[in-house]
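*Asks:* okay, predicted coordinates and the sequence, questions at the end:
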Amino acid sequence: MTISRQAFLRLSGFSFVVAVARKAIGAGARARWGMAVDAAKCLKRENCTKCIAACHQEHNVPSIPDRAHEVRWLWKEPFDHALAGQVDEYSALRAVPAMLLCNHCENPPCVRVCPTQATWKREDGIVAMDWHRCIGCRYCMAACPYGSRSFNFMDPRPYIHNANAQFPTRTKGVVEKCTFCSERLAVGRPPACVEACPEKALTFGNLNDPQSPLRQLLQARQHMRRRPELGTGPDVFYIA
Amino acid sequence: MRDRGAIYCGLAVFLALATFPAWHNLEAGVTAKGPAIKLPVRAKQCVAPAEYMRTAHMNLLMGWRETVVRTGTRGFTSVDGKPYNMSLTPTCLQQCHGSKADFCDKCHTYAAVSPPCWNCHVDTPPALRSAL
């Protein structure tokens, strides 16, 4: 088969235009999941840990009393620790607990260092984990500046009471963290913590959609991200 | 032939040792038939033909694992056109096979393989095990 130079150039040009158009359409339609934590609403109920309990129950996160072996997907820390440098000593938020989780960064350092690609950035922005592939080297834990990852130093099974059979547990020697409830998103449900919050302090949504409640909220209220100077681009926002 | 006793004793010990696997299996009731697994009561057809599942279920499950974890696709259509959710405990165990002890473990023990699936994936609650 022979092809003239003109036909070849026309075909190449057409393919290029189609490829660019497909990429542009795909990027627009794709979701990028994010979350906003409204500290004022969260504060309405002191010592409320319903989000943490719901998450840890849903995902079979062990409750290990020894802090050295602690495994957590969701936890609380005072604002001046969590958002150091952004909350000064006169701020009302200084000592109040902030709800912390994996930030599902735009540019996740944990993904860059993982030698087995057991953790990677999905197209919808979620920093996912493949526990089958994790070799337990803990590079990701060293790389994460937010302490979002936990290591199973021992078999977590004895510390999981009333296991949820719909979700696997983890095993000894595996790193784990928040997955933004990707298994719930797949069936159109919001994350467990968002659903469990009695004050609706957590807003989950699509950062790519200007009409989403999350984007509306971020547009209307002043917000902070954890350690923005590192350039990781967290997708979890704290509303002051 | 003063060593007759020793020779016969040696022969007897040798024969006993050489035939040990045979009579040990006879004693333990091991047959070439393999273990008796508990088949699902309600479900009549697996996601793929039984012959394929018998030899290649591990490949199918590995494929499921890659598809669900890596691409986020969860739907699977079986050979007879039924839709399934690709999930070990919620689909295989909770919909059909009931208990891993009566199904998976029987063959795995017989074949002396220990797949690490169950280090993380959870067995069904006891109530459901007997119901299926």
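*Replies:* Cool, got the structure. Numbering: from 1, shown residues only, chains lettered A, B, ... in the order given.

*Asks:* check what pLDDT the residue lying closest to A:Cys144 once chain neighbours are set aside gets.
*Replies:* Using C-beta to C-beta, 6 or more residues apart in numbering or on different chains and skipping the chain neighbours, the partner closest in space to A:Cys144 is A:Cys110 (4.9 Å). From N, CA and C alone the C-beta is placed, and that goes for glycine too. At A:Cys110, the predicted lDDT confidence score is 97.

*Asks:* again, but for B:Ala50
*Replies:* What the model reports as pLDDT for B:Ala50 is 90.

*Asks:* may I have the phi/psi pair for A:Pro50?
*Replies:* Wrong residue type there; residue A:50 is Lys, not Pro. Taking degrees, to the nearest 10, you get phi -60, psi -40 for the backbone angles of A:Lys50.

*Asks:* counting neighbours, what do you get for it?
*Replies:* As a burial measure, A:Lys50 scores 14 neighbours (other C-beta atoms under 10 Å in any protein chain shown).

*Asks:* pLDDT value on the spatially most central residue of chain B, please?
*Replies:* Within chain B, the residue whose C-alpha comes closest to the C-alpha centroid is B:Cys107; the distance, by C-alpha atoms, centre = their mean, is 2.4 Å. Looking at B:Cys107, its pLDDT stands at 90.

*Asks:* ditto for the one 3 residues further on
*Replies:* Model confidence at B:Tyr110, expressed as pLDDT, equals 88.

*Asks:* now for B:Leu61, how many residues are close by?
*Replies:* Look at B:Leu61: counted by other C-beta under 10 Å, it has 16 neighbours.

*Asks:* pull the residues that contact the least confident helix or strand in chain A by mean pLDDT.
*Replies:* Counting by mean pLDDT, DSSP states H and E, chain A has its least confident helix or strand at helix A:5-29, which shows a mean of 85. Applying C-beta atoms under 8 Å, 6 or more residues apart in numbering or on different chains, the contact partners of helix A:5-29 are A:3, A:208.

*Asks:* that helix: which residues count as buried?
*Replies:* Along helix A:5-29, no position meets the burial threshold by neighbour count (16 or more other C-beta atoms under 10 Å in any protein chain shown).

*Asks:* and A:Val96, what is it in contact with?
*Replies:* A:39, A:43, A:78-79.

*Asks:* biggest separation within the residues you listed, which pair?
*Replies:* Across the contacts of A:Val96, the two members that end up farthest from each other (C-beta to C-beta) are A:Leu43 and A:Pro78, 12.2 Å apart.

*Asks:* spell out which parts of chain B neighbour chain A.
*Replies:* Applying the criterion C-beta under 8 Å from any C-beta of the partner chain, the portion of chain B that neighbours chain A consists of B:65, B:69-70, B:72, B:74, B:87-90, B:94, B:116, B:119-125.

*Asks:* kindly recompute the last result at 6 Å.
*Replies:* B:69, B:74, B:89-90, B:119-122 (C-beta under 6 Å from any C-beta of the partner chain).

*Asks:* save these as TSV, and put in secondary structure and neighbour count too.
*Replies:* Rendered in TSV, the data for the residues of chain B next to chain A read as follows (DSSP: H, G, I helix; E, B strand; the rest coil; neighbours: other C-beta atoms under 10 Å in any protein chain shown):
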residue	secondary structure	neighbour count
B:Val69	helix	17
B:Arg74	coil	16
B:Thr89	helix	21
B:Pro90	helix	17
B:Asn119	helix	17
B:Cys120	coil	19
B:His121	coil	19
B:Val122	coil	21
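
*Asks:* same list (the residues you listed) but as CSV, adding pLDDT.
*Replies:* Converted to CSV, those look like this (pLDDT from 0 to 100):
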residue, pLDDT
B:Val69, 94
B:Arg74, 91
B:Thr89, 92
B:Pro90, 91
B:Asn119, 93
B:Cys120, 94
B:His121, 94
B:Val122, 91
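
*Asks:* any weak-confidence spans in chain A?
*Replies:* Flagging of chain A using pLDDT under 70 yields the residue ranges A:26-29.

*Asks:* so which residues on it come close to chain B?
*Replies:* Residues of chain A found near chain B, taking C-beta under 6 Å from any C-beta as the criterion, are A:130, A:163, A:165-166, A:168-171, A:186.

*Asks:* just to revisit the earlier point, mind checking which of the contacts of A:Val96 land in strands?
*Replies:* Secondary structure assignment (DSSP state E) places A:Pro78 from those within strands.
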